[in-house]
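Enquirer: Whatever this is, show me its structure:
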Amino acid sequence: MTLFDVYSLYPIEPVRGQGSYVYTATGERYLDFYGGHAVISIGHAHPHYVRKISEQVGKIGFYSNSVQNPLQQELADKLGRLSGLDDYQLFLVSSGAEANENALKLASFRTNRNRVIAFRGAFHGRTSAAVNATDNEAIKAPINRNYPITFLELDDLEGVRRELAKGDVAAVIIEGIQGIGGIHIPDAAFLEALPDLCHEHGALLILDEVQSGYGRSGKFFAFQHSKVRPDIVTVAKGMGNGFPIGGVLIAPELEPKSGMLGTTFGGSHLACAAGIAVLDVIEAEGLLENTKTQGDYLLQALRESGLFTEVRGEGLMIGLQMEQPIGELRKRLLFDYHVFTGSAKDPNTIRLLPPLNVKREECERILEALQQALNPEEVSSH
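Expert: A predicted model of the protein is given here:
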């Protein structure tokens, strides 16, 4: 049997990781400023994380949600306390797409409506409702095109007001910071206007924090840079540091009904152990503060470098805009300077998404690599 040919693969095979680095079988070291799609939040092979997962798998790794699992409540309590959303309810799933799928389903159940407002540049997943709310026709099969989704430009408040006034919108879904769209941050005033507008017209506000959450922006959630209280928040990626786990955080006024939502693997013992370990490290090592410190340093240095037409971002979620496609630059960084970086839907944008515990010397190394990769003639002249 062969693998279904979906991904374009680089000829590099990481066999182990440590902190902000991954290593190949031949011992080559690569600086990881991508974290496998912003998944690696507390660094590769963090000792506390490894210990917690190892201990848990030696006890019980999985049983269905038909039995009690105290680890789920422990995770919910810790997540509520660290995020400031301690009065919310948590539904555990296995991925960001599953989280958004259930968030949209919950909004539809609650409102008895089926139209959704999403935004240009959005990415919410590849499952049926989530992919419809994603601004990428190339990944939508004919079976996915039956949902009434209205796309507006980011920050188009009048457009949102106009569409909500039609009275048939179940939810407005928006990323705290657009990730795959190219690191675009919603205007604070726009974001702050959405909850009242949604509630005025009987719709729910869903904040997709799958990529921008879990400390990535320097706040626990990116929307917390503004004064916003969403009805639903979705999380995944950095939540498990590589172990598949996601969550739907649901405001207390949205009461659940038995059988409304369900999942096989969500909230397993092993997933919860991974999720708890991540929160332990974020708290114990002050990673929100480190994200802000290192992120501020990187953003300032990148803006002062003059290498890019625009530098966007918050914390350790950074987009670098160029006048030409960044494909060759990413290859040069990877093969000549041993640095992993990310792409975006915009072919001229490169993304930087290092672990939240990245060190200053590692930030300096990415800056040096970018400088050298973009000015190879200066390097050769020395």
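Enquirer: host element of the residue nearest the centre of the chain?
Expert: In the chain, the residue lying closest to the centroid (C-alpha atoms, centre = their mean) is Gln211, at 0.8 Å. Taking DSSP states H and E as the definition, Gln211 sits outside all helices and strands.
Enquirer: which ones are touching it?
Expert: 37-38, 96, 175, 177, 179-180, 237, 317, 353 (C-beta atoms under 8 Å, 6 or more residues apart in numbering). The C-beta positions use only the backbone N, C-alpha and C, and glycine is treated the same way.
Enquirer: In CSV, list those residues along with distance to Glu192, pLDDT and secondary structure.
Expert: Formatted as CSV, the contacts of Gln211 follow (distance: C-beta to C-beta, whole Å; pLDDT from 0 to 100; DSSP: H, G, I helix; E, B strand; the rest coil):
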residue, distance to Glu192, pLDDT, secondary structure
His37, 29, 92, helix
Ala38, 25, 95, helix
Gly96, 24, 98, helix
Glu175, 16, 98, strand
Ile177, 15, 98, coil
Gly179, 21, 97, coil
Ile180, 24, 96, coil
Lys237, 25, 98, helix
Met317, 20, 98, strand
Leu353, 26, 98, coil
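Enquirer: Just name the closest of those residues to Ala129, please.
Expert: Gly96 (13.1 Å; C-beta to C-beta).
Enquirer: Once you drop chain neighbours, what's closest to the residue nearest to the centre of the chain?
Expert: Gly179 (3.8 Å; C-beta to C-beta, 6 or more residues apart in numbering).
Enquirer: Pull the number of nearby residues for that neighbour.
Expert: 28 (other C-beta atoms under 10 Å).
Enquirer: which ones are touching it?
Expert: 38, 123, 211-212, 317, 344, 351.
Enquirer: circling back to that earlier point, export the contacts of Gln211 to TSV and tack on distance to Ser108?
Expert: Output for the contacts of Gln211, formatted as TSV (distance: C-beta to C-beta, whole Å):
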residue	distance to Ser108
His37	28
Ala38	28
Gly96	19
Glu175	20
Ile177	25
Gly179	25
Ile180	24
Lys237	24
Met317	30
Leu353	31
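Enquirer: Quick check: of those residues, which lies closest to Asp336?
Expert: Nearest member of the contacts of Gln211 to Asp336, counting by C-beta to C-beta, is Leu353, at 20.6 Å.
Enquirer: I'd guessed the closest one sits against Asp32; true?
Expert: No: contact criterion C-beta atoms under 8 Å: Leu353 and Asp32 do not qualify, at 9.1 Å.
Enquirer: roughly how far apart are the nearest residue to Arg145 once chain neighbours are set aside and Gln56?
Expert: In space, and not counting its chain neighbours, Arg145 is closest to Asn132: 7.4 Å by C-beta to C-beta, 6+ apart. Asn132 sits 36 Å away from Gln56, going by C-beta to C-beta, to the nearest Å.
Enquirer: ok, now Tyr63?
Expert: When Tyr63 is compared with Gln56 (using C-beta to C-beta), they lie 12 Å apart.
Enquirer: Equivalent analysis for Leu254, please.
Expert: 31 Å.
Enquirer: Thank you, goodbye.
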